[in-house]
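>>> Sequence plus the predicted model coming up.
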Amino acid sequence: MLLTSSLGLGLVAGCSGAAWAQATLTAIASVSASATITTTQLDFAVVTAGVDKSIAPRAGLTDGSAGTATVTFNTSQVTVAIPAVMTLTGPGATMVATLSCAWGSSARATTTTAFPCPAGQAFTSAVAPAQGFVYVGGTISAAESSGKPAGNYAGSVVITAAHAGS
Amino acid sequence: MIKRLLALALVALPAVASAQSVPTTATVLAVVTPTITDMNFGDITPNVAQTVTADAANAAGKSAGIIALTFNSSTATVKIPASVTLNRTGGGSMSATLSCGSAATVGGAVTSQTAAACAAGVSFSYNGDATKLATGALYIGGSIAATESQFARAGIYNGSIVATITNPAN
């Protein structure tokens, strides 16, 4: 490129007396891989001690609500994984809930497709930003709630999003 | 035959005795030679603005572009476009606005230039030293707005900045 510029310069100089050239340089940028998750809470609502309570992993429930995780990513693929269980802590006691997972086509999907929570669900896209919609439901078995003191129970679920590709 | 030769000699001798000056000229062409250093915006986090300053003071991983000139005329002028589009193989692009600064040499003190000056052309002057070529360096910086990278796919983006360099004949 430098050589071409110089040669062009010499030729023009001989003809017109003044010289000109074009120099081309490259600008480079690297956009980092990114995956962000926004969530809403999983709500078991009222649990009756000694009675199974389940929340389906989808939108539109009338008793309680599934948690949602919307992942936005700029890579060709991202995999969202959720633990198999979670622990809810209440007034002097805990309960373990078994989680259930599904993905839907939107953030308000009443029809969803189940997947195993720990294995995760892969989302792919050719364009950015791409989004994936995950629903988290669960079951608190009768054995877990039996004999537990009344009160509010709360816990956390750590959701991971691992991106791949570019 | 002999007479002719003598006559020729007679005629020729005065011409040799009175030498004539022959005008001689030489034209040294105006030459400007650019040496290029590419510009690097470094790693960009989506939806976060990124700026490369038009000098040598950028943080590691980022660097200004440099057009270093040597020239033999009274001035040399470099102008750059106001922006550049960076493209990703496989799709996607970002636009960057460009800035510039000038220095007498690469590594010398940089004077920031206005956007208008960058677009109109930044001039470098002959240094008055007839024993060596004049020099100048144009540093090229730029900014990528957060909105440009907000929805950008991960990966490498490249763009070409075409600078126009002119210098007069003397």
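Okay, I see it. Numbering: from 1, shown residues only, chains lettered A, B, ... in the order given.

>>> Ramachandran angles for residue 162?
Let's take chain A. Main-chain dihedrals, A:Ala162, degrees, to the nearest 10: phi -110, psi 120.

>>> how many neighbours does the residue nearest to it when sequence neighbours are not counted have?
Residue nearest to A:Ala162 in three dimensions, not counting chain neighbours: A:Thr79, with 5.0 Å by Cβ to Cβ, 6 or more residues apart in numbering or on different chains. To be clear about C-beta, it is placed using only N, CA and C from the backbone, and glycine gets the same treatment. If you count neighbours by other Cβ atoms under 10 Å in any protein chain shown, A:Thr79 ends up with 18.

>>> name the element A:Thr79 belongs to?
A:Thr79 belongs to strand A:77-81 when assigned by DSSP states H and E.

>>> Model confidence at B:Ile165, what's the number?
B:Ile165 is assigned 95 on the pLDDT scale.

>>> Oh, that last question was meant for A:Ser6, not what I typed.
Looking at A:Ser6, its pLDDT is 32.

>>> got it, and A:Val12?
For A:Val12, the pLDDT comes out at 31.

>>> what does B:Asn58 give?
For B:Asn58, the predicted pLDDT is 96.

>>> re the thing from before, chain center to the strand holding A:Thr79, what's the gap?
7 Å (Cα atoms, centre = their mean, to the nearest Å).

>>> distance of A:Gln113 from A:Gln121?
Just so we're on the same page, residue A:113 is Thr rather than Gln. 9 Å (Cβ to Cβ, to the nearest Å).

>>> can you give me the helices in chain B?
Applying DSSP state H to chain B gives helices spanning B:2-17, B:115-120, B:146-149.

>>> I figured A:Gly151 hits A:Thr89, correct?
No - counting by Cβ atoms under 8 Å, A:Gly151 does not reach A:Thr89; the two are 10.1 Å apart.

>>> Comparing the two, which residue is more hemmed in?
When A:Gly151 and A:Thr89 are compared for neighbours, A:Thr89 comes out ahead with 13 against 9, by other Cβ under 10 Å.

>>> how about low-confidence regions in chain A?
Residues of chain A meeting the criterion pLDDT under 70: A:1-19.

>>> what residue is smack in the middle of chain A?
Central residue of chain A (Cα atoms, centre = their mean): A:Val71, 2.5 Å from the mean position.

>>> touching chain B at all, the helix or strand where it lies?
Following DSSP H and E, one finds A:Val71 within strand A:67-73. No - using Cβ under 8 Å from any Cβ of the partner chain, strand A:67-73 never reaches chain B; the gap is at least 8.6 Å.

>>> if we look at that strand, which residues are touching it?
A:33-43, A:59, A:78, A:80, A:82, A:107, A:123, A:125, A:128-137, A:157, A:159, A:161, A:163 (Cβ atoms under 8 Å, 6 or more residues apart in numbering or on different chains).

>>> what angle do that strand and strand A:77-81 make?
160 degrees (axes from the mean of the first three to the mean of the last three Cα atoms, to 10 degrees).

>>> CA atoms only for strand A:67-73, dumped as PDB, please.
Output of strand A:67-73 as PDB, limited to C-alpha atoms (Å, rounded to 0.1, in the frame of the first residue of the first chain):
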ATOM      1  CA  GLY A  67     -40.200 -17.500  37.400                       C
ATOM      2  CA  THR A  68     -38.900 -16.200  34.100                       C
ATOM      3  CA  ALA A  69     -35.400 -15.600  32.800                       C
ATOM      4  CA  THR A  70     -34.900 -13.700  29.600                       C
ATOM      5  CA  VAL A  71     -31.400 -14.000  28.200                       C
ATOM      6  CA  THR A  72     -30.200 -11.400  25.700                       C
ATOM      7  CA  PHE A  73     -27.000 -12.300  23.900                       C
END
